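**Q** have a look at this prediction, sequence included:
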Amino acid sequence: MCEFLRGVAPFKSLTPDELTHLAEKVTRRHFDPGDVITRKGDEGEELFLILEGEVEIVREDHEVARLGPTDFFGEVSLVSGVPRNTTVVATGALDTYVLGKAEFRTAMETSASFREQLRRYYFQRY
């Protein structure tokens, strides 16, 4: 699990102890093709890290991006506190690791590098 996390951009700069702590908090979740993982307007409760498969990011009924293995989504709502700004749909079988809001906030508070990396993505995506 730590090796996978280290391959996801914002997690690369975490210390081994920080990675281990997060790895203990992450759960694995499977989605079937067509499953809506997050819906625009919903409150953000989780960060999703794609292990296998792809998702399409939809805004105003248009696909705006596709994400695959080692990509992540859900951070915009967790960082900003505003409702989700896109809908995310599994394009095929999808396996993810999921980090809950409390664990996400702890990582943001304890690691300046993690916080900075996520803010970069936030401004790119929001």
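**A** Cool, got the structure.

**Q** where does the protein have low pLDDT?
**A** 126 (pLDDT under 70).

**Q** would you map the strands across it?
**A** 27-31, 36-38, 46-52, 55-59, 62-67, 72-73, 87-90, 94-100 (DSSP state E).

**Q** against Gly44, how distant is the nearest residue to Glu43 once chain neighbours are set aside?
**A** Nearest non-adjacent residue to Glu43, counting by Cβ to Cβ, 6 or more residues apart in numbering: Pro83, 5.9 Å away. Just so you know, the C-beta spots here come from the backbone N, C-alpha and C atoms, and that holds for glycine as well. Separation of Pro83 from Gly44 (Cβ to Cβ, to the nearest Å) stands at 7 Å.

**Q** likewise Pro33?
**A** Where Gly44 is concerned, Pro33 sits at a distance of 23 Å (Cβ to Cβ).

**Q** which of these two has more neighbours?
**A** Gly44 (20 against 12; other Cβ atoms under 10 Å).

**Q** give me the helices and strands touching the longest helix anywhere in the chain, please.
**A** Ranked by residue count, the top helix of the chain under DSSP state H comes out as helix 112-125. Under the contact criterion of 3 or more Cβ pairs under 8 Å, 6 or more residues apart in numbering; DSSP states H and E, helix 112-125 touches helix 75-80, helix 101-110.

**Q** quick check: neighbours shared by Pro83 and Gly44?
**A** When contacts are counted by Cβ atoms under 8 Å, 6 or more residues apart in numbering, Pro83 and Gly44 are jointly contacted by Ser77.
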